[in-house]
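K.L.:
Provided below for reference: sequence and predicted model.
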Amino acid sequence: MYETPAGTVLRAAHLDIEGMTMDREVMRVRDLMATEFARLCYYGYWFAPEMALVLNSIDFSQKYVTGTVHMKLYKGNITILGRKAPNALYSEELASMDIEGGGNGLDYNPMDAQGFIRINAVRLRASTIRDNLAAKK
């Protein structure tokens, strides 16, 4: 890290914003693509069709990754002090088990715990709602 301190700081900020704006399953697949990207680079396949697939997939994963990260740098350490992201997937209403309604389609119902399909659908609905709102802008 001593050769690219600015890159190290930017990467830490980017990963922090990704944690707020990127769906966990998209992040998991992105990580798989990152490994494939490194392999393709190592073997010199920059212009291969599989590299185009990987690059387009990684670009797609970054669609909503934007925001501001406040950091403290001290003696080679990076401490995240705060962050803001206009496309964050976090919703206070969704995180609270006390708030009902709101008409946003993200309500948590304790009965949902009976089936993992409905629980997993919550993250998919949040992404769809965000996509629809972004398309209207």
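P.N.:
Thanks, I have it. Numbers count the residues shown, from 1 in each chain.

K.L.:
any weak-confidence spans in this protein?
P.N.:
Where the chain drops to pLDDT under 70, the residues are 1-2, 91-113.

K.L.:
In space, what's closest to the most centrally placed residue in the chain - neighbours in sequence excluded?
P.N.:
The chain has Met22 as the residue nearest its centroid, 1.6 Å off, counting by CA atoms, centre = their mean. Nearest residue to Met22, sequence neighbours excluded (CB to CB, 6 or more residues apart in numbering): Val65, at 6.2 Å. Glycine gets a C-beta too; all of them are placed from N, C-alpha and C.

K.L.:
Please, where are all the strands along this protein?
P.N.:
Using DSSP state E, the strands of the chain run over 68-74, 77-84.

K.L.:
Can you spell out which helices and strands pack onto the last one?
P.N.:
So that's strand 77-84. Where contact means 3 or more CB pairs under 8 Å, 6 or more residues apart in numbering; DSSP states H and E, strand 77-84 is packed against helix 5-21, strand 68-74.
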